[in-house]
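Engineer: predicted coordinates and the sequence they were generated for:
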Amino acid sequence: MNKIKLLDEETINKISAGEVVERPASVVKELVENSIDAGSTSITVEIKKGGKKYIRVTDNGIGIEKNDINIAFLRHSTSKINKAEDLDNITSLGFRGEALSSISAVSQLQLITKTTNSVVGNQVMVMGGKIVENKEVGCPQGTTIIVKNLFYNTPARKKFLKSDSVESSYISDIVNKLALGNPNISFKFIKNNKLIMKTPGNNNRISTIYSIFGKEFANSLFKLDYIGENLKIQGFISKPSYTRGNRNHQYFYINGRIVKSDFLTKTIEKIYKPLIPNNRFPAIILYIDIPPREIDVNVHPTKIEIRFKNKKTLDNVLTSIVEELINKENLIPEVDIDN
Ligand code: ADP
Ligand code: MG
């Protein structure tokens, strides 16, 4: 018998699930991103017990055709790209076709979905990656996915999860980020049967910020609005007089995608450094639109990291618009020259 053999699909899915699904918050991120890609205007996220027992994401997007359901749960199945060249021009949040296969490999998943054209919807149960039930149901247009008992069949993963309240706070953070990035969509977040957060979906960024973080925070911000030839930088930064003790309120969106960027953080913080006390940080909510060919989003399975092909230009433009606004709006705090 050969020593080396190809793993079966179920095992492969369990392994790759480890890359995409680290914790309940990663499930929420993937499901909500699918809802956004489906053109939804309303998305509800409901969780119980830190998302370990129960996660539900309901949207009013385009739904999944009956014939596509089985394929959607296979690895590397996607409706969003066709060939490698498409990677240079991605406008959707998903494209790797890994979320549904990964999540369903390590949970008990229920999908209920209906497209506009279809009279009835479909309900599918998937257990540890295997479709165990598929039937027609009456339901509104859109998609609901319920994920129960995450990591029930991967005990090592399950053990690594934190307390319900810590996992809940990771989920709340990701829902906030997704809601901030998509002010045209009305988000609801329900935790243990209680409505925690709701955004208006009126396409107004500041009213979205207000509904998530409150009035004091919204009032502490000044607005950036730069539209260049191949670069748009918009958003909000806290005035140097209002800083925070950590970087938790720094949000960057590149073409609508949430990214982590030490580079963008540093660019802004170097301007703030002489203006604010040590160990204080500005709040930043920045939306950058840049031609997709100028960035590489396919760096990591979670797509949270991104590469800019031309950092220098971005650094120069961002620095000059932030400096200009701080000077123009007279935001430099007065220093007491006697001390
Ligand atoms: P990806 O998002 O990378 O394409 P996923 O595994 O997340 O891969 O989803 C597989 C496919 O299932 C998607 O390409 C899409 O066609 C379909 N799909 C998933 N979620 C939804 C949803 N909420 N509404 C409509 N279609 C969906
Ligand atoms: Mg996806």
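Structural biologist: Okay, I see it. Source: prediction; values computed, not measured. Ligands and ions are numbered 1, 2, ... in the order given.

Engineer: what does stretch 245-263 contact?
Structural biologist: Contacts with stretch 245-263, where a contact means Cβ atoms under 8 Å, 6 or more residues apart in numbering, come from 91, 93, 173, 177-178, 180-182, 213, 217, 238, 264-265, 279-290, 292, 295, 297, 303-306, 308, 311, 315. The way it works is simple: take the backbone N, C-alpha and C, and place the C-beta from them, glycine included.

Engineer: can you say which of those residues are buried?
Structural biologist: By the neighbour-count criterion of 16 or more other Cβ atoms under 10 Å, the contacts of stretch 245-263 include these buried positions: 93, 177-178, 180-182, 213, 217, 238, 264-265, 281-290, 295, 297, 303, 306, 308, 315.

Engineer: from the residues you listed, which ones fall inside helices?
Structural biologist: Judged by DSSP state H, the buried ones among the contacts of stretch 245-263 include 177-178, 180-181, 213, 217, 264-265, 315 as members of helices.

Engineer: also near ligand 2: which of the contacts of stretch 245-263, exactly?
Structural biologist: Taking Cβ under 5 Å from the ion, there is no overlap between the contacts of stretch 245-263 and the neighbourhood of ligand 2.

Engineer: which residues touch the residue in the chain that ligand 2 sits nearest to?
Structural biologist: Scanning the chain for proximity to ligand 2 using Cβ to the ion identifies G94 as nearest, at 2.9 Å. Under the criterion of Cβ under 8 Å, 6+ apart, the contact partners of G94 comprise 30, 33-34, 37, 78, 80.

Engineer: in a markdown table: the ones in helices among the buried ones among the contacts of stretch 245-263, plus pLDDT and distance to S104.
Structural biologist: As requested, those are arranged in a markdown table below (pLDDT from 0 to 100; distance: Cβ to Cβ, whole Å):
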| residue | pLDDT | distance to S104 |
| --- | --- | --- |
| K177 | 95 | 24 |
| L178 | 96 | 21 |
| L180 | 96 | 28 |
| G181 | 94 | 26 |
| F213 | 95 | 34 |
| F217 | 94 | 38 |
| L264 | 95 | 35 |
| T265 | 95 | 35 |
| D315 | 95 | 42 |
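
Engineer: could I get these as JSON lines with distance to V45?
Structural biologist: JSON lines is the format used below for those (distance: Cβ to Cβ, whole Å):
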{"residue": "K177", "distance to V45": "12"}
{"residue": "L178", "distance to V45": "9"}
{"residue": "L180", "distance to V45": "14"}
{"residue": "G181", "distance to V45": "14"}
{"residue": "F213", "distance to V45": "18"}
{"residue": "F217", "distance to V45": "22"}
{"residue": "L264", "distance to V45": "27"}
{"residue": "T265", "distance to V45": "27"}
{"residue": "D315", "distance to V45": "35"}
